[in-house]
Structure formats: structure tokens, C-alpha cells
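[1] Give me the fold of what follows.
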Amino acid sequence: MTTSTTRVLALLEILQGGGTLTVPDLAARLGVDERTVRRYAGHLLDLGVPVYSVRGRYGGYRLAPGYRMPPLMLTEDEALAVLLGLLAAQRAGLVTTSAAASESAAAKLRRVLPKALGRRLAALPATADFTARPRPAAAPEAGVLLGLAEAALHQRPVAITYTDRKGRGSERTVLPYGLVAHAGRWYLTGADPAAGEGEVRTFRLDRITAATVRPGSFTVPPAFDPVTTVLDSLAQTPWTHTVSLRVHDSVQHLRRHLPADIATLSTIPVTTAPDGTDPAETDPADADQAAVGRAHPGSLSRPAPADEPTGWVRVRIRAERLDWIPPVLAALDRPFVIEHPAELRTLVKELAHRLGAHAAAGQERPPGPEAG
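    Residues are numbered from 1 along each chain as shown. All right, here's what the predicted structure looks like:
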């Protein structure tokens, strides 16, 4: 929607408040000059809106008495779906940079609905609460989001102005394959010809300050999955620590504890060494046996469900901190081998020591009263 169209609708919104409003007052409220206000009033007349011009010292514009926009004809279920969508988008951090957009949209929705239904809807945001915390919004510009969506739909190249995570700016032309909303952020995934032929990149939309559609067209590769591509890209983002583990578990169970944007998983093929052992269970030179939870006879680790095939899976994690990983390994309750880094082995040992101490503390008899 263009700026002029938005202001024409804003003029209608102001006039619906009732009374006669002077041209200077309208110009100030719309942020335009008086000539533009008169032009906007003409647009409303062309649309069939009964705008009356009042002459004289206190003249201006007003709507015909009793005129109102017709009620928005939504069923109760439809109106509730729209309102819940606005609330969910706001809490998920997926709104655009206009922070009040969802609130003002909800207010307008209630205003144009039949009064009884509007009152019922107003009660929901006033009384409802949520167990999930609202995500901080890293919101893109509305024009950037909608422009990229249109370009992706019609498979048109886009020139973008982008700032990376280190604050470096660049101008580049990308081929937008798809948009993905994840964890309160919008991402663009597509080919970046400047990075190499067929090179697919992921861009955060809140770091794109401008997007301009360019002439030309492209074809999205067959079976391209934007969601998988974005999650894989996030999991491979360079961080302070690179962790490599081997876990004897099913991929399904691991994924419940380690989402795709945190860890990459790859099954280790089962092969048999000449001595009959499984090489995947043999510690590499850089693995510390004292810090592994390997399977041994009599191991108390829980077996995976029968419908989830198990085997050795290599887990790679990139993280800024390591302290959250030992509790996750404990929650997995599966045999594992830490390949690197060495600091993680130390943290696992320390957690095991603390857990053992806490468990032993329950066996001590509380001190009784001294005999008198």
C-alpha cells in the first residue's frame, strides 16, 4: 500500500470521529500541506465517500451525518481467528518494525465489527495470559518483508543492502528461494551469485535495510527445502566452541533434545573390525575414556523405543558456551563419547560429581536432638 493511499484512509479514519475539521488541522495531523488534504478529500469523493466541504472561517471537511464504514462481515470464529493471529504474531516477535501495528490493527478490527462481537473480542486480550514468554522482536521493515515475498513468489532477483553479524555492510544481488520464520526472526534463503555459482546463503531480514527487485528470472532447484536450509545454516554458524560427540541413540530421540538449529546429526555407518568390534565404539586418540558414557555390560541407560532404530550418531554443535551441554547429555541418558573439546569432558565430570554428591546427601541421617 502506497504512502498516499495510507494517508487517504487515515483522513477517512479522522473524519469518522465526527464534526467538522479544518484544513490546517487535517494537514497537521496527516503531515501534508493543505493542497494535498483537498486532493485526498477528492479521492474519497471518487470512492463514493460522502465528504462535505464546509465554507467559511471555521470551514473544512466533514462526513455526511450518520455515515459509517459498513460493518466487517465476519463470523465469530473468523473474527477470533484474525485476533488470535495478531496476538500470536506479536508475541512470537514476527511483527514488522511498526511496534504498534498489531495493536492498532486489532483496535480497527473491533471498531468495524458489529458492536456485540467487538465487545466480546475486546475481552480476550484484556483477560488472557500466556505460558510462553513473548519473544523480543527482531523485526524487518514491512516493505522489505513483502517485497522479498513477492520476488520469491515470482522468482525475480533482488538487490539488497545487508549488514552482517560483525557490522559489515554490503550490496549484493540474491535469488530469493524462500522466507522462513524461526525463533522470533525472519530469514531469507537463496542463491548468492557473488559467493559462487550455486552457493546458497541465509540472510536475517532485520539486517536488510533495502530490497529492490531487478529484471530477470530464475528457477528454484527441485526439492529445495527453505526450512531445512535455514536450520542447517544456523547450526553451522561459527561460534566460540565446536563440539563433536558420538552418541548411541536414535536420531528421533536426539532431535527432541537437540533441535536442528543447534546441532547437526549424521549417522555413523556400522562396520565390523577384524576383532569383531564396532569401530564406532572405539575411542579415537583424542577421546578421554574417563569422560564418556559408553555402553558397558550392565549399563543402566534406557533403551530407545522399539520403533526408533538406534546406532552411533555423530553430533556436531557450535556454541558460545559449553555449560549447557552436560545437562543435555545427562537428560539424554544414552552412551556417548566426547571427541572434542577437552573442556567439555571436564564439565561433564564436574556435573557427574555434583549429581553424585547430591544423591549421596540423601542417605545421611539428619542430626537428632542431643541426649539430655
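
[2] And the strands in the chain, which stretches?
    Listed from the start of the chain, the chain has strands (DSSP state E) covering 51-54, 60-63, 158-163, 169-182, 185-191, 200-204, 208-213, 241-249, 263-267, 311-319, 336-340.

[3] Neighbouring strands - and their directions - for the longest one?
    By that I understand strand 169-182. With DSSP bridges as the test, strand 169-182 is paired with strand 158-163 (antiparallel), strand 185-191 (antiparallel).

[4] So which of the ones you listed is nearest Y52?
    For Y52, the closest of the strands paired with strand 169-182 is strand 185-191, at 44.4 Å, according to CB to CB. (Each C-beta comes from the backbone N, C-alpha and C, glycine too.)

[5] most neighbours per residue, which of the strands paired with strand 169-182?
    strand 185-191 (a mean of 24; mean count of other CB atoms under 10 Å).

[6] now the angle from it to strand 200-204?
    160 degrees (axes from the mean of the first three to the mean of the last three CA atoms, to 10 degrees).

[7] quick revisit: as TSV, the strands of the chain with mean pLDDT would be great.
    What follows is the strands of the chain, written out as TSV (pLDDT from 0 to 100):
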stretch	mean pLDDT
strand 51-54	88
strand 60-63	88
strand 158-163	94
strand 169-182	92
strand 185-191	91
strand 200-204	92
strand 208-213	92
strand 241-249	92
strand 263-267	90
strand 311-319	91
strand 336-340	94
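
[8] Out of the ones you listed, flag the one nearest T127.
    Of all the strands of the chain, strand 169-182 comes closest under CB to CB, at 27.4 Å.

[9] Give the buried residues for the closest one.
    Neighbour-count burial for strand 169-182, counted by 16 or more other CB atoms under 10 Å, picks out 174-181.

[10] quick one on the thing from earlier: which among the strands of the chain is found nearest to L355?
    Closest to L355 of those, according to CB to CB: strand 336-340, at 15.6 Å.

[11] From the contact counts, what lies against the closest one?
    Applying 3 or more CB pairs under 8 Å, 6 or more residues apart in numbering; DSSP states H and E, one finds that strand 336-340 contacts strand 241-249, helix 342-361.

[12] sorry, back to before: in JSON lines: the strands paired with strand 169-182, plus distance to A88.
    Listed next are these as JSON lines, based on distance: least, CB to CB, whole Å:
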{"stretch": "strand 158-163", "distance to A88": "28"}
{"stretch": "strand 185-191", "distance to A88": "15"}
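
[13] To R318, which of the ones you listed lies closest?
    R318 lies closest to strand 185-191 among the strands paired with strand 169-182, at 17.0 Å (CB to CB).

[14] Please work out the angle formed by the directions of that closest one and strand 208-213.
    Angle, strand 185-191 to strand 208-213, by the same axes, to 10 degrees: 40 degrees.

[15] which residues touch strand 185-191?
    Residues outside strand 185-191 that contact it (CB atoms under 8 Å, 6 or more residues apart in numbering): 93-94, 138-140, 145, 148, 152, 174-181, 198-206, 208, 218, 226, 229-230, 233.

[16] And these, which of them are buried?
    For the contacts of strand 185-191, a neighbour count by 16+ other CB under 10 Å gives the buried set as 93-94, 138-140, 145, 148, 152, 174-181, 200-206, 208, 226, 229-230, 233.

[17] tell me what the lowest-mean-pLDDT helix or strand in the chain is packed against?
    Taking mean pLDDT, DSSP states H and E as the measure, the chain has helix 101-112 as its least confident helix or strand, at a mean of 73. Contact partners of helix 101-112 among helices and strands, from 3+ CB pairs under 8 Å, 6+ apart: helix 76-91, helix 115-127.

[18] quick one, which of these is packed in tightest?
    Highest mean neighbour count of the helices and strands packed on helix 101-112: helix 76-91, a mean of 15 (counted as mean count of other CB under 10 Å).

[19] Distance check, the nearest residue to L11 once chain neighbours are set aside against A64.
    The shortest distance from L11 to any non-neighbouring residue, by CB to CB, 6 or more residues apart in numbering, is to Y40 (4.9 Å). Computed as CB to CB, to the nearest Å, the Y40 to A64 distance reads 17 Å.

[20] So for those two, which residue has more residues nearby?
    It is Y40, of Y40 and A64, that has more neighbours when counted by other CB atoms under 10 Å, with 24 against 9.

[21] right, and that one touches T5 too?
    No - if you go by CB atoms under 8 Å, Y40 and T5 don't touch, sitting 9.8 Å apart.

[22] okay if I get the helices and strands packed on helix 101-112 as TSV plus distance to L11?
    Below are those laid out as TSV (distance: least, CB to CB, whole Å):
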stretch	distance to L11
helix 76-91	24
helix 115-127	23
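
[23] Out of the ones you listed, which is closest to P50?
    Between P50 and those, the shortest separation by CB to CB is 22.3 Å, and it involves helix 115-127.

[24] Distance from that closest one to the middle of the chain?
    Taking CA atoms, centre = their mean, to the nearest Å, one finds the center of helix 115-127 at 28 Å from the center of the full chain.

[25] do the same with stretch 243-257
    Put simply, stretch 243-257 sits 24 Å off its chain's centre (CA atoms, centre = their mean).

[26] ok, and for it, which residues are buried?
    Within stretch 243-257, the residues that count as buried by 16+ other CB under 10 Å are 243-250, 253-254, 257.

[27] With stretch 329-337 instead?
    For stretch 329-337, a neighbour-count test (16+ other CB under 10 Å) marks 329, 332, 334-337 as buried.

[28] farthest pair in the buried residues of strand 169-182?
    Using CB to CB, the buried residues of strand 169-182 reach their maximum pairwise distance at L175 and A181, which is 20.1 Å.

[29] Nearest residue to E343 in space, please, no chain neighbours.
    Once flanking residues are discounted, E343 sits nearest to L322: 5.9 Å by CB to CB, 6+ apart.

[30] That neighbour: neighbour count?
    17.

[31] go on, the one 5 residues further on?
    Other residues within reach of P327 by the criterion other CB under 10 Å amount to 13.
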